[in-house]
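> coords please:
(2 chains)
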Amino acid sequence: RKEVEQDPGPFNVPEGATVAFNCTYSNSASQSFFWYRQDCRKEPKLLMSVYSSGNEDGRFTAQLNRASQYISLLIRDSKLSDSATYLCVVPLANQAGTALIFGKGTTLSVSS
Amino acid sequence: NAGVTQTPKFRVLKTGQSMTLLCAQDMNHEYMYWYRQDPGMGLRLIHYSVGEGTTAKGEVPDGYNVSRLKKQNFLLGLESAAPSQTSVYFCASRDSNYGYTFGSGTRLTVV
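You can find the predicted model right below:
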């Protein structure tokens, strides 16, 4: 298994839809997980951290399943402005969590 | 404004030329990183530093060197540029277990 894998998509959804992205990781010792958002030709920006108990921030919910080694991001009531690439981020193996590895990203396109 | 600043923003190099990309952060972060991003490849870690005077190799370090002489600066050097190094380079810094703060990127073309 690669360190981090994501379905590249694209996911094409209408406004108001609910969409979910999954990401699998290989380093079972990983402690810190994140979802980043990247707009075209821009730098990635932190969307949310992923906690063991799951966490929610408005329309966004992140879940962690340690047993199966995957994390998920759920977006409810999609907006046009949610169109972007979503990057799953996990620690680089054997680096004590000091360096992060990015998935290749899942592209979301929300249409009216 | 606080954050990560990368210079230059754009550069065109000829094969074999050298250059240095500068990353500066004013958040007093210990950790700094250099990534490259290519179409279909995602962000790949080149080198990183866990503190002033330290550097470590990432996933794709070949052809690059780095230095962290001051805590706020992390330099990425290309000694002899190759077309395969055409990419967008992102610098980031981080404090403890929080996520990264990225610079706006350097678009490098090697012809």
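> Get me the contact residues on chain B for chain A.
Listed as neighbours of chain A in chain B under the rule Cβ under 8 Å from any Cβ of the partner chain: B:31, B:33, B:35, B:40-45, B:48, B:50, B:56, B:58-59, B:90, B:94, B:97-105. Any C-beta I mention is one placed from the backbone N, CA and C, and that applies to glycine too.
> Take those and keep only those in strands.
Residues of the residues of chain B next to chain A located in strands (DSSP state E): B:31, B:33, B:35, B:42-45, B:48, B:56, B:90, B:94, B:101-102.
> so what does the lowest-mean-pLDDT helix or strand in chain A touch, helix or strand wise?
Ranked by mean pLDDT, DSSP states H and E, the helix or strand of chain A with the weakest confidence is strand A:100-102, at a mean of 86. With contacts defined as 3 or more Cβ pairs under 8 Å, 6 or more residues apart in numbering or on different chains; DSSP states H and E, strand A:100-102 has these neighbours: strand A:84-91, strand B:42-49.
> Please name the residues that touch A:Pro44.
When contacts are counted by Cβ atoms under 8 Å, 6 or more residues apart in numbering or on different chains, A:Pro44 touches A:Tyr36, A:Arg37, A:Gln38, A:Leu87, A:Phe102, B:Leu43, B:Phe90, B:Tyr100, B:Phe102.
> quick check, nearest of those residues to A:Gly58?
Taking Cβ to Cβ as the measure, A:Gly58 lies nearest A:Arg37 of the contacts of A:Pro44, at 13.3 Å.
> Let me know the secondary structure of that closest one.
Secondary structure assignment for A:Arg37 (DSSP: H, G, I helix; E, B strand; the rest coil): strand.
> ok, B:Cys23 to B:His47 distance?
Remark: distance between B:Cys23 and B:His47 (Cβ to Cβ, to the nearest Å) = 11 Å.
> er, A:Ala17 actually
41 Å.
> and if you look at B:Glu30?
B:Glu30 is 15 Å from B:His47, by Cβ to Cβ.
> just A:Ile71 next, same as before
26 Å.
> And B:Val88, by the same measure?
Distance from B:Val88 to B:His47, by Cβ to Cβ: 16 Å.
> Neighbour count: these two, which is higher?
Higher neighbour count among B:Val88 and B:His47: B:His47, with 24 against 16, using other Cβ atoms under 10 Å in any protein chain shown.
> Isn't the more buried one up against B:Asp62?
No. With contacts counted by Cβ atoms under 8 Å, B:His47 stays clear of B:Asp62, the gap being 10.6 Å.
> related to what we said a few turns ago, just the buried ones from the residues of chain B next to chain A?
For these, a burial check counting by 16 or more other Cβ atoms under 10 Å in any protein chain shown picks out B:31, B:33, B:35, B:42-45, B:48, B:50, B:56, B:58, B:90, B:94, B:99-103, B:105.
> what residues are up against the residue most central in space within chain B?
With distances taken as Cα atoms, centre = their mean, the residue of chain B nearest its centroid is B:Trp34 (3.1 Å). Residues near B:Trp34 by Cβ under 8 Å, 6+ apart: B:21, B:23, B:45-48, B:58, B:64, B:66, B:74, B:76, B:89-91.
> quick check, nearest of the contacts of A:Pro44 to B:Val110?
Out of those, the member with the shortest distance to B:Val110 (by Cβ to Cβ) is B:Phe90, at 17.2 Å.
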